[in-house]
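**Student:** got a predicted structure here, sequence first:
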Amino acid sequence: MQLDTSRFGQIQYGVEELTVFREGLLGFEHLKNFLLIPFEGNPAFFWLQSVEDGRIAFLITDPFWFFPDYGLEIDEELKGNLQITERKQVVVYTICTVPGTNIKAMTANLVGPLVINVDNRQGAQYILNDYKYHTKHNLFQETPETGVGS
Amino acid sequence: MLVLTRKINETLIIDNQIKITVAAVEGDKVKLAIDAPKNIPVLRQEIFEAVKEANEAAVNVMMDLEGLSQLKDLLP
């Protein structure tokens, strides 16, 4: 398959490479199929490239690199939806935002992580009811930033 | 919209399966105890909205990949 993207130009992919978010992401419910593309030169980051809209790609990271204490409990509903039966099937990513051009001010959304079953490549954005987390945790700065929902 | 008045410890039942009880009222805060089946997500609306906003902000990450390569030096 072939896809024109804003960020990577034309890319080739196989259907078996798709990760499917059946319910989409909040605000992007119409986008279901994504490619997980490693960020070149940095193992902590990936791109989540939409297949339906080549202009849409989310920068995502493994939150445990930056927030070793981060944790979430996956409820039975999500386990059922993603057919999760074992812990080792689960990977978690968080979506990053870069304000303007200041990469050091990059934040990660820890309250709405992406949970993916790597065995069947089904994913979902999972909203945590945890007051500890919000949508703008700084990745590279010590100074805490408050966000909505804290 | 239906508007009902409840006192502390009084409960509403929705669709025979969701129970919402007023657990406490402290100043301008109302503590609600919600008893719902596991397959019904209960979320604070502001979190839902915040995640949506965060997603929308996230797609505007700059296109300049060269700038993003700075990331390599910023790992903790």
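**Tutor:** Yep, it's here.
**Student:** list the contacts of the residue nearest to A:V15 when sequence neighbours are not counted.
**Tutor:** In this structure, A:V15 finds its nearest non-sequential neighbour in A:M1, 6.5 Å apart by CB to CB, 6 or more residues apart in numbering or on different chains. For glycine as for every other residue, the C-beta is placed from the backbone atoms N, C-alpha and C. Going by CB atoms under 8 Å, 6 or more residues apart in numbering or on different chains, A:M1 touches A:Q12, A:Y13, A:G14, A:V15.
**Student:** so which of those residues is the closest to A:A105?
**Tutor:** Taking CB to CB as the measure, A:A105 sits nearest to A:Y13 out of the contacts of A:M1, at 32.0 Å.
**Student:** how close does the closest one sit to B:A23?
**Tutor:** A:Y13 is 51 Å from B:A23, where distance means CB to CB, to the nearest Å.
**Student:** can you show me the helices along chain B?
**Tutor:** B:45-58, B:65-68 (DSSP state H).
**Student:** only the buried residues of the longest one, if you could.
**Tutor:** Going by neighbour count (16 or more other CB atoms under 10 Å in any protein chain shown), the buried part of helix B:45-58 is B:I47, B:F48, B:E49, B:A50, B:V51, B:K52, B:E53, B:A54, B:N55, B:A57, B:A58.
**Student:** quick check: A:V115 touching A:K79?
**Tutor:** No - applying CB atoms under 8 Å, one finds A:V115 not in contact with A:K79, separated by 9.5 Å.
**Student:** pLDDT below threshold where in chain A?
**Tutor:** In the predicted model of chain A, residues A:142-150 satisfy pLDDT under 70.
**Student:** most neighbours out of the contacts of A:M1, which is it?
**Tutor:** A:Y13 (15 neighbours; other CB atoms under 10 Å in any protein chain shown).
**Student:** before we move on, the earlier item: same drill for A:V115 and A:K79, tell me which one is more crowded.
**Tutor:** A:V115 (21 against 15).
**Student:** just to be sure, the more buried one is in a helix?
**Tutor:** No - per DSSP: H, G, I helix; E, B strand; the rest coil, A:V115 lies outside any helix segment and is strand.
**Student:** excluding chain neighbours, what is closest to it?
**Tutor:** Closest to A:V115 by CB to CB, 6+ apart is A:Y126, at 4.8 Å.
**Student:** list the contacts for the one you found?
**Tutor:** The contact partners of A:Y126, by CB under 8 Å, 6+ apart, come to A:L72, A:I74, A:L78, A:G112, A:P113, A:L114, A:V115.
**Student:** tell me where chain A has helices.
**Tutor:** For chain A, the helices defined by DSSP H occupy A:63-66, A:76-82.
**Student:** and for the closest residue to A:Q10 other than its chain neighbours, the neighbour number?
**Tutor:** Leaving out its chain neighbours, the residue that sits closest to A:Q10 by CB to CB, 6+ apart is A:D4, at 5.4 Å. Residue neighbour count, defined by other CB under 10 Å, stands at 10 for A:D4.
**Student:** mind listing what's buried in stretch A:4-13?
**Tutor:** If you call a residue buried by 16+ other CB under 10 Å, then stretch A:4-13 has these buried ones: A:T5, A:R7, A:I11.
**Student:** quick check: closest non-adjacent residue to the second one.
**Tutor:** Nearest residue to A:R7 in three dimensions, chain neighbours excluded: A:A57, at 5.1 Å (CB to CB, 6+ apart).
**Student:** that neighbour and A:T5 touch, don't they?
**Tutor:** Yes - in this structure, A:A57 is within contact of A:T5 by CB under 8 Å, at 6.8 Å.
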